[in-house]
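[1] Build me a model:
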Amino acid sequence: MKHLPWRLRTERRPSPQAKNTRHGPVFTQEPSDSIFPLRSEDNKVFINCKAKGNPVPHYKWKVDGRYIDMDLNYNLVEGNLLINNPHATHHGGVYQCIATNVFGTIISREAKVQFAYLQNFSRKPRNTVSVREGQAVVLLCGPPPHNGEIKYSWVFNGRPSFLLQDTRRFVSQRTGNLYIAKVEASDVGNYTCVVRNMMTNATVYSSPTPVVLRRDAVMGEYEPKIEVQFSETLHVTKGSSVKLECFALGNPVPSITWRRTDGNPLPGKMKINHSNGVLEIPYFRPEDAGVYECVAENSRGKNVAKGQLIFQSMITHNWVQTLKDAHMAIEANLQWECRASGKPKPVYRWLKNGEPLVLEDRILVEGGRLAVSRINLLDSGMYQCLAENEHGAIYASAELKVVGKHVWRTLVWSVCSVLGGEVIMECRPHASPRASISWRRGGEFLKDSTRWTIMEDGTLRISNISESDGGRYTCVARNPFGTSSSTGTLVVKEPTKITVPPLSVDATVGESIVLPCEVCGDSSLDPTFKWFFNGKLIDFNRQDHFEMIGGSAGDLMVRNIQLKHSGKYVCMVHTVVDSVSAAAHLIVRGPPGAPEGLIVGEITDSTAQLSWESGPDNHSPVTTYSIQARTPFSIGWQAVRTVPDSVPGQMFHATVIELNPWVDYEFRVVASNNVGVGEPSMQSKQIRTKAAVPDVAPGNVSGGGGRRGELVIQWEPIPEELQSGEEFGYVVAFRPLGTSTWKQTVLASPDASRYTFRNDSIPPLSQFEVKVGVYNNEGEGPSSHVVVVYSAEEEPSEPPSRVWTRTLSASEIEVYWEPITQTASSWKIIGYEVLCWEEGMQESDAEMVRVTDPAALLSGLKGSTVYLISVRAQNSAGAGPSSPAVNVTTKKPPPSQPPGNIEWNLTNSKIFLSWEHVKAMGNESEVTGYKVLYRQNWLGKTSVVETNRTSMELQVPSGEDYLIEIKALSDGGDGSSSGPIRIPKMSSLNSKGHFSSAPCNICAVMFFILSKLTL
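    Below you'll find the predicted structure:
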């Protein structure tokens, strides 16, 4: 008798021989697009690939379509590809893994492999940037060649910390450039661009870019110019983060604001940093799409940049229908179809054993459909369908086995079922041509009955199982090549029952509950518990709120319950023979949801009627509603008074009272229940209350000062939100103390806070009664309380006396005088003006210094020059007469020659310095000594030591770099500096150096360091 190849399948348990079934390769792990850092610790890169198959597959790899020869750089580790000492140029590319066994070959998806690196900047010096004060400047970074994400920063004057960004300075992470909106004198210095590779952590520094200030002019004011802006159209995928950069140049420094053109508020999750220069929207959703505007504005004008963010739901493509392995008889017809979704629509290709499928009369391909007629043994192999578009390709694989005449051994199997249940025993031999099937129990062949059914495909179905149905069953298959059989055993078990099911329960947000699920059943069966929430299986590894507890039971704990946890929970218990389930509902009570449909009705000058609809109460009735309002003048949302004072939860309207006239308001409603306060409603459309006569008088009315014959009146202006209407202004009234007639004037400016009445006949320090009122186009409002204000005093009539001077150096003079004593006169001295001009010039060309004490220091003067000095007193009315001019001559200038031929010797923690004596020229002050300044590095605190010799010994801590300068001292001040001398730190070494100063403004510096080991 000849045996047939065949397979027996049951619904309950797979055949033990299935694990040993011989089959073609199937990928379990494929390579994926990757970026690897160069120069990692082990300098090796793994690209993963793994396939299952019987027999075990062997592997090959391709890069950019070429097969890889395994050498010193490439090695196979099982199926994975190991790259030793990778190089960005030689080893970057598109990789594919090929898996092969006796049944055929499959190829993996393509994986783009790149390497992150960052090269050094060019050492070429950068050009000096010359700019006027008030002008804008852009410093270019020009990053070196790199790959992988990088971050840009800038360093100013070699400081250890990065340059801080603010409204005036901005570093673009798109270009790397530094943008300074308005240059100030403090910006002069050296700027260094710093680039960091975020994957390799490598950091490189550019050559410094010097910035100097031009003195020929100062830049005037001009409107903003947006220099950094985002794309006009940007496609953003779901869940990604998008950053928009915007920065403007201008004088004054522009302010940056963001808004949406559709009027909707910016997303609450939005982040704005770098003083509004970067807008970041994380976790992009469809509602975040729209047109965004960046507005740059200063006092000279404004400019706008805009761009549209478009939500893109799908970039990649996925299988809608894939392939299944086919075991078919000779001369049968094969039909396979694969379908994928994607934008743009994918196109299809077919492969056989890793190579393009060769078409012939029997083999037809139409898109994702493959038809092979009258198959034969040569058609066996591994087939792959490729769906590809501009975003890449995906692969579906299947094996075709063509079954002919084979000899198979008899199979033995076993299956379990429960009392009252149903069992299906499949009998599917691998037979060509198709075999006829019969069943027997023991030695008796079975026929169809009410509980026994042999189906057309040979499957045996037994329903309403009883204990007597247990026993041995045999499937017999016959075709012209012979007969084969398979025998197995049916074991009948007790059914599983849920004894403690979960019960429906109510809970409050933040609580934790336990839903029980306990079972009993056949002791030989090991139950498995699964929980479903609203039809979806709960993954306990990815859910923080759910936990399975209870040991042998399957109890479910729900921790820190949220509103989203309301719904249906199902406990599903599985054994190898049956499944049972029980369900319960969880109702979560929480704070109410946001009210809806807020409408503003009738509006007066101080009230507004609101109505709304209730939102979800989240299973706890709303108890009260509260109203909040926002104006352009308020800080955020503020609670407002209403009628009724407390709005009950059953009422959906209220009147807001005590509003300010002629003010724009937005409103929102907040619901509360016994659980807590809910989310606010959407804000209402902005409305404006009606105008009314102003009811607030100016405060802090005062005055005084000014010039002779003036009455100055001041007050605190009324804020815009209290002006109550258009054409707001002030009515200023005043009269001499003791008179009855008011003199009035009208100021039509709402911002006015000062009025000056001038009449030369007004005596100094005369008393006036003053009041200030308000008005708008609705009428005149109240006036302030009457206050007494003094008119201006007269200028001083006397000059200061006994003016004398003292020359300090070539550039400084001290001036002293006798202060004017306060007598019964009508003026009060508030300060002095010191005038200084060169002999031969006019007093009108004098430089002036204002002081409050009877002494002044004049600096920045020329050496060996005669100056004239005069002093005059000042009060609130102005300056008095000048004192007679005093002659004074500055000292000779200090030596212009710096100390030269400086030598230093560093031993342990001592520095020995020596230099040549500086000889003053005939028109210079004689040298009286020397000043030595030293500090650690560029940022350390400077220490100063003076000496009358040409050498010095300094005691300093070891292990630090030092910068030293030497200057000559004279009666005319400090002489020229030697320039900074850098003495590098030396550990356990004696060091010497020589520094020569050239007799010019720009000096060349050379170091000679001679080192030897200290024994």
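[2] Please, where are all the strands along the stretch 151-300 of the chain?
    169-171, 178-180, 189-197, 203-205, 209-214, 222-228, 233-237, 242-245, 247-251, 255-260, 271-273, 278-281, 290-298 (DSSP state E, counting those that start in this stretch).
[3] ranking those by burial, who's on top?
    Of all these, strand 247-251 has the most neighbours on average by mean count of other C-beta atoms under 10 Å, namely a mean of 26. Every C-beta, even on glycine, is put in place using the N, C-alpha and C of the backbone.
[4] Just list the residues touching residue 835, thanks.
    By C-beta atoms under 8 Å, 6 or more residues apart in numbering, residue 835 lies in contact with 843, 846, 847, 848, 869, 870, 871, 872, 882.
[5] dump the residue contacts of the residue lying closest to the third one once chain neighbours are set aside.
    Using C-beta to C-beta, 6 or more residues apart in numbering and skipping residues adjacent in sequence, the residue nearest residue 847 is residue 836, 5.1 Å away. Counting by C-beta under 8 Å, 6+ apart, residue 836 makes contact with 813, 846, 847, 848, 849, 858, 861, 867, 868, 869.
[6] For ChimeraX, write the selection for the buried entries among those.
    Command for ChimeraX that selects the buried part of the contacts of residue 836, burial taken from 16 or more other C-beta atoms under 10 Å:
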select :813,846,849,858,861,867,868,869
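[7] Quick one: low-confidence residue ranges for the stretch 501-650 of the chain.
    Counting by pLDDT under 70, the ranges of the stretch 501-650 of the chain that qualify are 551-552.
[8] 90 instead?
    The stretch 501-650 of the chain contains residues with pLDDT under 90 at 519-528, 540-544, 548-554, 575-579, 634-636.
[9] can you give me the helices in it?
    Per DSSP state H, counting those that start in this stretch, the stretch 501-650 of the chain has no helices. Nothing in it meets that criterion.
[10] what does the stretch 51-200 of the chain give?
    88-91.
[11] ok, back up a step: is it true that the residue nearest to residue 847 lies in a strand?
    Yes. Residue 836 sits within a strand when classified using DSSP: H, G, I helix; E, B strand; the rest coil.
[12] Start the count at 721 instead of 1 going forward.
    Happy to do that; since the first residue is 721 now, the last one works out to residue 1556.
[13] Among the contacts of residue 1556, name the ones in strands.
    The strands, defined by DSSP state E, take in 1533, 1567, 1568, 1569, 1578, 1587, 1588, 1589 from the contacts of residue 1556.
[14] any idea how far the spatially most central residue of the chain is from residue 961?
    In the chain, the residue lying closest to the centroid (C-alpha atoms, centre = their mean) is residue 1000, at 5.5 Å. For residue 1000, the distance to residue 961 equals 6 Å [C-beta to C-beta, to the nearest Å].
[15] ok, now residue 1076?
    Taking C-beta to C-beta, one finds residue 1076 at 41 Å from residue 961.
[16] Please apply the same query to residue 949.
    In terms of C-beta to C-beta, residue 949 sits 19 Å off from residue 961.
[17] okay, these two: which has more neighbours?
    Just comparing residue 949 and residue 961: by other C-beta atoms under 10 Å the higher neighbour count belongs to residue 949, 19 against 11.
[18] pretty sure the more buried one contacts residue 976?
    No. If you go by C-beta atoms under 8 Å, residue 949 and residue 976 don't touch, sitting 11.0 Å apart.
[19] anything in contact with each of those two?
    966, 1014.
[20] one step back: just give me the closest of the contacts of residue 1556 to residue 1496.
    Nearest to residue 1496 among the contacts of residue 1556 is residue 1568, at 45.3 Å by C-beta to C-beta.
[21] Enumerate the beta-bridge partners assigned to the closest one.
    Beta bridges link residue 1568 to residue 1555, judged by DSSP bridges.
[22] sorry, back to before: ok, so of the ones in strands among the contacts of residue 1556, who is nearest residue 1660?
    Out of these, the member with the shortest distance to residue 1660 (by C-beta to C-beta) is residue 1578, at 32.7 Å.
[23] what sits against the closest residue to that closest one other than its chain neighbours?
    Leaving out its chain neighbours, the residue that sits closest to residue 1578 by C-beta to C-beta, 6+ apart is residue 1533, at 4.7 Å. Neighbouring residues of residue 1533 by C-beta under 8 Å, 6+ apart: 1525, 1526, 1527, 1556, 1577, 1578, 1581, 1587, 1589, 1608, 1610.
[24] show me what contacts the fifth one?
    I take that to be residue 1577. Residue 1577 touches 1532, 1533, 1534, 1535, counting by C-beta under 8 Å, 6+ apart.
[25] Filter the residues you listed down to the buried ones and hand me the ChimeraX line.
    This is how ChimeraX selects the buried members of those, with burial counted by 16+ other C-beta under 10 Å:
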select :1532,1533,1535
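[26] quick one: which of the contacts of residue 1577 is nearest residue 818?
    Taking C-beta to C-beta as the measure, residue 1532 is the one of those closest to residue 818, at 86.8 Å.
[27] ok, the spatially closest residue to the closest one that is not a sequence neighbour to residue 1194 distance?
    Setting aside the residues directly before and after it, residue 1532 is nearest to residue 1579 in space (C-beta to C-beta, 6+ apart), at 4.9 Å. Using C-beta to C-beta, residue 1579 is found at 118 Å from residue 1194.
[28] hang on, the earlier thing: from the contacts of residue 1533, which is closest to residue 1298?
    Among the contacts of residue 1533, and counting by C-beta to C-beta, the member closest to residue 1298 is residue 1577, at 102.3 Å.
[29] beta partners of the closest one?
    Residues in beta-bridge contact with residue 1577 (DSSP bridges): residue 1534.
[30] so residue 1044 is in which element?
    Residue 1044 is part of no helix or strand, with elements assigned from DSSP states H and E.
[31] what sits against the nearest residue to it once chain neighbours are set aside?
    Once flanking residues are discounted, residue 1044 sits nearest to residue 1118: 5.9 Å by C-beta to C-beta, 6+ apart. By C-beta under 8 Å, 6+ apart, the contact set of residue 1118 is 1043, 1044, 1045, 1046, 1056, 1102, 1103, 1104.
[32] can you tell me the helix or strand for residue 1118?
    Counting by DSSP H and E, residue 1118 is part of strand 1112-1123.
[33] strands paired with that strand, and their directions?
    strand 1046-1049 (parallel), strand 1101-1109 (antiparallel).
[34] and it, what's its mean pLDDT?
    The pLDDT scores in strand 1112-1123 average 89.
[35] Stretch 1440-1460 now?
    Rounded mean pLDDT across stretch 1440-1460 is 94.
[36] Can you list the buried residues in that stretch?
    1441-1445, 1448-1455.
[37] does residue 1028 have beta-bridge partners, and which?
    Here residue 1028, judged by DSSP bridges, has bridge partners residue 953, residue 1011.
[38] Could I get the contacting residues of it?
    Here residue 1028 is in contact with 952, 953, 954, 1010, 1011, 1012 (criterion: C-beta under 8 Å, 6+ apart).
[39] Go ahead and list the helix or strand containing residue 1619.
    Using DSSP H and E, no helix or strand contains residue 1619.
[40] Help me confirm that it comes into contact with residue 1694.
    No. Counting by C-beta under 8 Å, residue 1619 stays clear of residue 1694, with 11.7 Å between them.
[41] neighbour-wise, which of the two wins?
    Remark: of residue 1619 and residue 1694, residue 1619 carries more neighbours, 28 against 15, as counted by other C-beta under 10 Å.
[42] From residue 1470, how far out is residue 1444?
    For residue 1444, the distance to residue 1470 - C-beta to C-beta - is 11 Å.
[43] Actually, residue 1211.
    Using C-beta to C-beta, residue 1211 is found at 96 Å from residue 1470.
[44] Which one's more surrounded, the two?
    residue 1470 (17 against 14).
[45] Report the spatially nearest residue to the more buried one, omitting neighbours in sequence.
    The spatially closest residue to residue 1470, leaving aside those adjacent along the chain, is residue 1448, at 4.3 Å (C-beta to C-beta, 6+ apart).
[46] Give the intersection of the neighbour lists for residue 1619 and residue 1694.
    Common contacts of residue 1619 and residue 1694 (C-beta under 8 Å, 6+ apart): 1687, 1688.
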